[in-house]
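[1] what follows is a predicted structure for the sequence shown.
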Amino acid sequence: MTTAKFNSILFDFDGTLSTIDGIEFLAELKGVSEKVKSLAIRNKNTYSVSADLYRRRLECSQPHLRDIDQLIAAYKRALLPGVKQTFHWLHGLNKDIYIISGGIKNALIPVGELLGVSAERIFAVELEFDGQGNMIGFDSTSPRTDVGGKKQLIASLRLQRPSVLIGDGTNDVAARDSVDQCIGFGGVEYRPLIEEHCEWYVRDQDIITVLPAILTQEELSEVRKNWINQLSQKNAKTQEVLF
């Protein structure tokens with residue numbers, strides 16, 4: 001087999017693999033969605049993150065442990081088209097897959113299990129709860145609460161190179177020096193500034209459309225062969241990408 005284009009593949013989660021924002025979903029459960037959204041510095045191109053902003057958004061939401069179960073279910077329902085199949089194929093090619101997100105780790109671990117990604121390869125922000133299930137804090141030392149945190153975290157990992165990061169935000173672009181390539185994902189929200197700073201930018205919501213950017217022609221041929229053998233119902237988007 002020819003040399004792989006990438007051995008380690010790192011995915012953002014909220015806005016890249018899922019259509020929902022975890023903290024905003026928790027806020028909706030408590031009826032404070034608009035207040036939480038107003039705390040975030042958002043516009044068409046950027047999404048700024050800081051530990052203080054993260055804390056204030058969580059304090060407004062005050063999630064209970066039972067709310068995490070609802071978030072897990074919501075995350076699974078909101079997975080983008082093609083995510084499960086793409087992860088299945090990448091595992092079949094023996095890729096090292098990581099999920100690196102500013103989302104809630106307590107909810108992402110069960111989703112990662114669904115996708116075949118172990119807890120050790122999921123890096124997010126863990127919430128702390130008391131015996132009654134009330135939130136008492138979060139891991140404020142996590143680099144994922146800061147816009148430059150993803151770069152710091154990735155640099156600390158012993159990745160099998162070459163590596164590629166796929167994400168939708170400024171923190172993904174900020175981490176591009178820690179990987180061999182950064183792919184911008186605009187399938188949930190298009191951000192021109194992110195597109196300008198990425199070698200490859202995907203605007204289709206189906207995550208399968210990133211495959212030509214991260215796999216060699218030989219690997220794509222292997223995926224194509226397995227897809228034909230495994231599926232009886234042929235998805236039009238998959239055919240377009242693979243053929």
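    Right, received. Where do you want to start? Keep in mind the model is a prediction, meaning the values are calculated, not measured. Numbers count the residues shown, from 1 in each chain.
[2] contacts and neighbour counts: CA atoms only from here.
    Noted.
[3] quick one: the helices in the chain?
    22-30, 33-39, 51-61, 65-77, 83-92, 105-114, 149-156, 170-174, 192-196, 211-214, 217-230, 236-242 (DSSP state H).
[4] burial measure for Leu26, as a count.
    For Leu26, the count of nearby residues is 24 (other Cα atoms under 10 Å).
[5] go on, the one 10 residues further on?
    Val36 has 23 neighbouring residues, counting by other Cα under 10 Å.
[6] repeat that for Gly131.
    Residues near Gly131, counting by other Cα under 10 Å: 7.
[7] also the one 4 residues further on?
    Under the neighbour criterion other Cα under 10 Å, Met135 is assigned a count of 18.
[8] ok, what's across the strand from it?
    Judged by DSSP bridges, the bridge partners of Met135 are Phe129.
[9] hang on, it packs against Ser61?
    No - between Met135 and Ser61 there is no contact under Cα atoms under 8 Å: 9.8 Å.
[10] pLDDT weak spots in this protein?
    Residue ranges of the chain with pLDDT under 70: 1-3, 40-49, 140-147, 227-243.
[11] go again using 80 as the cut-off
    Applying pLDDT under 80 to the chain flags the ranges 1-4, 38-54, 139-149, 169-171, 226-243.
[12] distance of the residue lying closest to Ile72 once chain neighbours are set aside relative to Ala51?
    With Cα to Cα, 6 or more residues apart in numbering as the criterion, Ile72 has its nearest non-adjacent residue at 5.0 Å, and that residue is Ala107. Distance check for Ala107 against Ala51: by Cα to Cα, to the nearest Å, it reads 19 Å.
[13] can you say which of the helices of the chain is nearest to Gly15?
    Of all the helices of the chain, helix 22-30 sits nearest to Gly15, with 9.8 Å by Cα to Cα.
[14] what about the longest strand in this structure?
    Longest strand in the chain, counting residues (DSSP state E): strand 96-104.
[15] okay, that one in PDB with CA atoms only?
    Extracted C-alpha coordinates of strand 96-104, given in PDB (Å, rounded to 0.1, in the frame of the first residue of the first chain):
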ATOM      1  CA  ASP A  96      -6.000   7.000  14.800                       C
ATOM      2  CA  ILE A  97      -9.200   9.000  15.500                       C
ATOM      3  CA  TYR A  98      -9.500  11.700  18.100                       C
ATOM      4  CA  ILE A  99     -12.400  14.000  19.100                       C
ATOM      5  CA  ILE A 100     -11.100  17.300  20.500                       C
ATOM      6  CA  SER A 101     -13.900  19.700  21.500                       C
ATOM      7  CA  GLY A 102     -15.100  22.400  23.800                       C
ATOM      8  CA  GLY A 103     -18.200  20.300  24.400                       C
ATOM      9  CA  ILE A 104     -19.200  18.400  27.500                       C
END
